[in-house]
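*Asks:* Okay, here's the prediction I keep looking at, along with the sequence it came from:
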Amino acid sequence: MSEQLDFLIGNLPNLLFGFPGQRPGGLLLSLLLAVVAIAIGFLPAMVIAAGRESRYRPLRWLARGYVELFRGIPLILLLLLVYQIIGGSHFGLNLSPRMSAVVTLALYSSAYQTEILRAGLKAVPSQLVDSARLMGSSPWQLYRLIRLRYAFRVMLPAFTGQAISLFKDTSVVIIIGVAELMTVARAVLGSDIRNTPYWVSLYILVGGLYFTLAFSLSLIARRWERGRQSGDLVHSLANY
Amino acid sequence: MNWLTPEVIGLLGQGIVLTLVLTAVTSAAALAVGVATGIARLSGRGGRGVWRRAAVVHIELHRNIPALVLIIFWAFALPNLFPAGVRRTIFFDNFFINGLSDLTGLPVPYYALAAALALTLNTSAYLAELFRAGVGTIAREHLDAARSLGASPLGVLQNILIPEGIRASFPAMSTRLIHNMKNTALAAFVAVPEFFLGIQTAVTRSFRAVEFLLLAAVVYLLLSYGYSLLLTAVEQRMAARRVSAVFEAEKGWQPHRV
């Protein structure tokens, strides 16, 4: 029993922050990947959500195709597509695994964020839009300052849910060997047959680490939403 | 198209079949476990609320741990808990597993079972929460009416809570079930020869990464699209049955004469 504990405690720093002397990895990298991917993914989501309700049919189709493409195929396949084809030598990009992981997760997340934003945009009251027009705002100002902000506030729970979901999905980047938590766990166990007794306890620890972070993030998010959602959205926007 | 040899087509065809089977089995099981968990989650605090607590633990545990961790845990880690001889008998070489292997042609059926269990646990946790939200949309009056007509708790559960709860949450459940279909690709990590592992095998044999990965993307898009059509059809059918049930009920209704 104490051997098990020694093994786990000895490897805990590696699981949390990656191996010493290398770039940060482990749980820290999982979290960083998710945060960066969500932030980058929000930019295309804003544009494509607008495209989904464009006046022009080809634009609508293009936006729809983007969403269906990135939501219709498994994330591991998308990772391989980006890493081996787009990031491969064909296009002379030669993306590193780390870079490919960020790009893929951002694309994947942006498709989901687009759909969330679209649902939020539908919920914007027409009076709000009309009065903004009357005040003389340009279409771009209307979208950026009024509709987008309203949609974001209304859909906040959906956005935090998606963010936490993406954090768990980062486990899949093990397939291209980015040194995040899953990859570190695999490296810690290695191919050493003497490590087989530690498999169960190590994966329980890994699951526990994901659980602790994801669950506490969801609790924080719930509390944060409760604080922000109180009061009338229209008035809180007016006082922005 | 010389990269698509008959041998590779056979490999990928078997992979697609296994992906479909894995999807069907885990979807059905996750729906059953999810609804049962949802009901347990809603159950009262009687008996210190053991069922409710168990449901909360199941939901939170399997929603907050990535599916990949669950799959690797059940398939690769769990057998390592047992000494080598015992491990062989329990997981890889017994009457049941060998029979399953002969029946399905899978090299190691235990890994497929473990992956199916992990996916079921993961998806059912999400479905339970969606079902609970669906039950929340049922009008109070609907339940009160049933109770005042003398419906037993079991009758209310069978005739109102379960069908109405599923109906209300079905669009959201469909999204999750399609996600579950995509998650079956994770079973490739534990050597289950489903479609994604077939693609990886084909790539390592032929070094034609571009062709096979694009083929895989097309196949998965078609599978997602087909599955969403199927789920929409189910949803519409449930709605139609509900309308006809209301219609039937109204046909038999007679106004009271005072």
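*Replies:* Yes, it's here. Numbers count the residues shown, from 1 in each chain, chains lettered A, B, ... in the order given.

*Asks:* Show me which residues of chain B are close to chain A?
*Replies:* Residues of chain B found near chain A (Cβ under 8 Å from any Cβ of the partner chain) are B:60-61, B:63-70, B:72-73, B:76-78, B:80-81, B:182-183, B:185-186, B:188-189, B:196, B:199, B:209-210, B:213-214, B:216-217, B:220-221, B:224-225. (Each C-beta comes from the backbone N, C-alpha and C, glycine too.)

*Asks:* List buried members of those residues by neighbour count.
*Replies:* Listed as buried from the residues of chain B next to chain A are B:60-61, B:63-70, B:72-73, B:76-78, B:80, B:182-183, B:185-186, B:188-189, B:196, B:199, B:209, B:213, B:216-217, B:220, B:224; burial here means 16 or more other Cβ atoms under 10 Å in any protein chain shown.

*Asks:* Out of those residues, name the ones that lie in strands.
*Replies:* With strands defined by DSSP state E, no entry of these lies inside them.

*Asks:* out of those residues, which are inside helices?
*Replies:* If you go by DSSP state H, those have B:60-61, B:63-64, B:67-70, B:72, B:182-183, B:196, B:199, B:209, B:213, B:216-217, B:220, B:224 in helices.

*Asks:* Can you tell me the centre-most residue of chain B?
*Replies:* B:Ser27 (2.3 Å; Cα atoms, centre = their mean).

*Asks:* A helix includes that residue, no?
*Replies:* Yes. Per DSSP: H, G, I helix; E, B strand; the rest coil, B:Ser27 lies within a helix segment.

*Asks:* for the closest residue in space to it that isn't next to it in sequence, what are its contacts?
*Replies:* Computed as Cβ to Cβ, 6 or more residues apart in numbering or on different chains, the closest residue to B:Ser27 that is not its neighbour in sequence is B:Leu177, at 5.2 Å. B:Leu177 is in contact with B:Ser27, B:Ala30, B:Leu31, B:Thr123, B:Tyr227, B:Leu231, counting by Cβ atoms under 8 Å, 6 or more residues apart in numbering or on different chains.

*Asks:* Pick out whichever of those residues sits closest to B:Ser152.
*Replies:* The nearest member of the contacts of B:Leu177 to B:Ser152, counting by Cβ to Cβ, is B:Leu31 at 24.6 Å.

*Asks:* Can you check the pLDDT for the closest residue to that closest one other than its chain neighbours?
*Replies:* Counting by Cβ to Cβ, 6+ apart, B:Leu127 is the residue found nearest to B:Leu31 once chain neighbours are left out, at 6.2 Å. If you check B:Leu127, the pLDDT there is 94.

*Asks:* which element is B:Leu127 on?
*Replies:* helix B:109-136 (DSSP states H and E).

*Asks:* Would you map the strands across chain A?
*Replies:* Going by DSSP E, chain A shows no strands.

*Asks:* per-residue confidence for B:Gln254?
*Replies:* 65.

*Asks:* likewise B:Ala84?
*Replies:* pLDDT, B:Ala84: 78.

*Asks:* ok, it - how many residues close by?
*Replies:* 9 (other Cβ atoms under 10 Å in any protein chain shown).

*Asks:* near chain B, which residues of chain A?
*Replies:* A:68-69, A:71-77, A:80-81, A:84-85, A:88, A:90, A:168-169, A:171-172, A:174-175, A:182, A:196-197, A:199-200, A:202-204, A:206-207, A:210-211, A:214-215, A:218.

*Asks:* Just the buried ones from these, in ChimeraX syntax?
*Replies:* Here is the ChimeraX command that picks out the buried ones among those, judged by 16+ other Cβ under 10 Å:
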select /A:71,72,73,74,75,76,77,80,81,84,85,88,168,169,171,172,174,175,182,196,199,200,202,203,204,206,207,210,211,214,215,218
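
*Asks:* Please tell me how far the closest residue to B:Ala239 other than its chain neighbours sits from B:Asn159.
*Replies:* Of all residues not flanking B:Ala239 in the chain, B:Arg167 sits nearest, at 7.2 Å (Cβ to Cβ, 6+ apart). As for B:Arg167, its distance to B:Asn159 is 12 Å (criterion: Cβ to Cβ, to the nearest Å).

*Asks:* Repeat that for A:Met135.
*Replies:* 54 Å.

*Asks:* So which of those two has more stuff around it?
*Replies:* Set A:Met135 next to B:Asn159 and count neighbours by other Cβ under 10 Å: B:Asn159 wins out with 13 against 10.

*Asks:* Quick check: that one touching B:Ala146?
*Replies:* Yes. The pair B:Asn159 / B:Ala146 is scored as a contact, 7.3 Å apart, by Cβ atoms under 8 Å.

*Asks:* Any regions of the chain where pLDDT drops low?
*Replies:* All of this refers to chain A. Within chain A, the stretches with pLDDT under 70 are A:1, A:228-240.

*Asks:* To clarify, I was referring to chain B.
*Replies:* B:1, B:44-47, B:252-258.

*Asks:* And stretch A:46-58, end to end?
*Replies:* 18 Å (Cα to Cα, to the nearest Å).

*Asks:* which residues touch that stretch?
*Replies:* Residues contacting stretch A:46-58 (Cβ under 8 Å, 6+ apart): A:59-60, A:62-64, A:66-67, A:110, A:113-114, A:117-118, A:121, A:143, A:148, A:151.

*Asks:* What subset of the residues you listed is buried?
*Replies:* A:Ala63, A:Tyr66, A:Val67, A:Ser110, A:Gln113, A:Thr114, A:Leu117, A:Arg118, A:Leu121, A:Tyr143, A:Leu148, A:Ala151.

*Asks:* Closest to A:Leu33 out of those residues?
*Replies:* Distances from A:Leu33 to those, taken by Cβ to Cβ, are shortest for A:Ser110, at 14.6 Å.

*Asks:* ok, now how distant is the closest one from B:Leu18?
*Replies:* Distance from A:Ser110 to B:Leu18, by Cβ to Cβ: 31 Å.

*Asks:* any idea how far stretch B:115-122 is from the chain center?
*Replies:* 8 Å (Cα atoms, centre = their mean, to the nearest Å).

*Asks:* Please write out the alpha-carbon positions of it in PDB.
*Replies:* Taking C-alpha atoms only, stretch B:115-122 is exported to PDB below (Å, rounded to 0.1, in the frame of the first residue of the first chain):
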ATOM      1  CA  ALA B 115     -15.300   0.500 -23.800                       C
ATOM      2  CA  ALA B 116     -19.100   0.100 -24.100                       C
ATOM      3  CA  LEU B 117     -19.500   0.200 -20.300                       C
ATOM      4  CA  ALA B 118     -17.400   3.400 -20.100                       C
ATOM      5  CA  LEU B 119     -19.300   5.100 -22.900                       C
ATOM      6  CA  THR B 120     -22.600   4.000 -21.300                       C
ATOM      7  CA  LEU B 121     -21.600   5.400 -17.900                       C
ATOM      8  CA  ASN B 122     -20.500   8.700 -19.500                       C
END
